[in-house]
Each structure stands twice: as C-alpha cells, then as structure tokens.
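Asks: sequence-free structure coming up:
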C-alpha cells in the first residue's frame, strides 16, 4: 500500500510539471489607467517565487515620461537605464474587490513588495541601472468558461501608477 501511495504521488507530480511546461505565457491585455482588469487566463500567470502572479500591462506613457525607463511589453516591467543611481518616487492608487495587489521593485532576480496592501501610497526607491518596477496581483479565485476558454475573475482598477524622479530636498 505504501508503495502505491508513493508511486501515485510521483506520477501526479510528473503530470503536473508537464502540464506547467506546456502552458505558454503571454501578458494580460493592456489597460489604460482607470480601466478595470476583470479577468485573466492561466496563460497570463507568471510564476514568481512560490505564488503565481498576473503582472498588469500598462500603456507606458501613462506611467512615466522618463526616457531612460524602458517598458518591456513581454514581461510588463519598467526598467531603469539612467547610467547612475538615483531616487524615484513610485506612487499608486487602486481599488480592488478581493484581489491581492502588490507594487514591487526587482533587483538581482528578486521581487520586493512595497505597498503592504495599502491601496494608495508612495515609495521612495533608490534605483540602480537594471532595477525594475511592476504592479501585479496574485492569481487565484473564481473561474468561468467562455467560448471554451477558462477565465479567472479579477476586479482591480488602477487609477494611478507613476514613476517619477524624486524631488531633491
């Protein structure tokens, strides 16, 4: 009996890992500030640490006017390329009905959450070249099928997401 249980767990883990490898990632549909993200598919989920996240896809000109910040359309992250370390003010304002939303910066392949579930706020970030900023939500929740495709419900409206140079004191 013990052998059967161990074998079953092994088979299930192999099947699960194969299914994850077959899922092609693509970013969630781009939204303007003020528009509501209402759904996503499993293809929009990016694995980050132990949790899957859906990275919000913005129109970059609505988030920043700084020419040395690049927006990667595939990963939906803003990356600093100024040539020197500088201070930036990251600000946000969003509404959600049940989704766990995070404002994060990335450095050395690690993501750090800065909003502590505050729906409105600011964060002073000292950024080096190559550091990134993103806004995302944790995956999970109710699902539904539409036209043969499985969707997950979301309810997040981002009114403000901004990256600016910090004012010198």
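Replies: Perfect, I can see it now. A quick note: this is a predicted structure, and the numbers were derived from the prediction, not measured.
Asks: hang on, isn't residue 117 packed against residue 103?
Replies: No: contact criterion C-beta atoms under 8 Å: residue 117 and residue 103 do not qualify, at 10.0 Å. (Glycine included, C-beta is placed from N, CA and C.)
Asks: Which of those two has more residues huddled nearby?
Replies: More crowded of residue 117 and residue 103, by other C-beta atoms under 10 Å: residue 103, with 25 against 11.
Asks: where in this structure is pLDDT low?
Replies: For the chain, residues meeting the criterion pLDDT under 70 lie at 1-22, 48-50, 169.
Asks: one more time with 50
Replies: 2-20 (pLDDT under 50).
Asks: mind listing the strands in it by residue range?
Replies: Assigned by DSSP state E, the chain shows strands spanning 36-40, 46-48, 51-55, 69-72, 77-80, 86-96, 101-107, 110-113, 120-127, 132-138, 143-146, 149-165.
Asks: Go through these and name the closest to residue 62.
Replies: strand 149-165 (7.9 Å; C-beta to C-beta).
Asks: Parallel or antiparallel, which strands does the closest one pair with?
Replies: Strand 149-165 pairs in its sheet with strand 36-40 (antiparallel), strand 86-96 (antiparallel), strand 143-146 (antiparallel), by DSSP bridges.
Asks: Quick check: closest non-adjacent residue to residue 82.
Replies: residue 68 (4.5 Å; C-beta to C-beta, 6 or more residues apart in numbering).
Asks: Run a quick neighbour tally on the one you found.
Replies: Per other C-beta under 10 Å, the neighbour tally for residue 68 reads 13.
Asks: now swap in residue 53 and tell me
Replies: 21.
Asks: my read: it touches residue 139, true?
Replies: Yes: under the criterion of C-beta under 8 Å, residue 53 makes contact with residue 139 at 6.4 Å.
Asks: Quickly list what's touching both of the two.
Replies: Common contacts of residue 53 and residue 139 (C-beta atoms under 8 Å, 6 or more residues apart in numbering): residue 45.
Asks: quick revisit: quick one: which of the strands paired with strand 149-165 is nearest residue 130?
Replies: strand 86-96 (13.0 Å).
Asks: Tell me the buried residues in the closest one?
Replies: Within strand 86-96, the residues that count as buried by 16 or more other C-beta atoms under 10 Å are 86, 88, 90, 92-94, 96.
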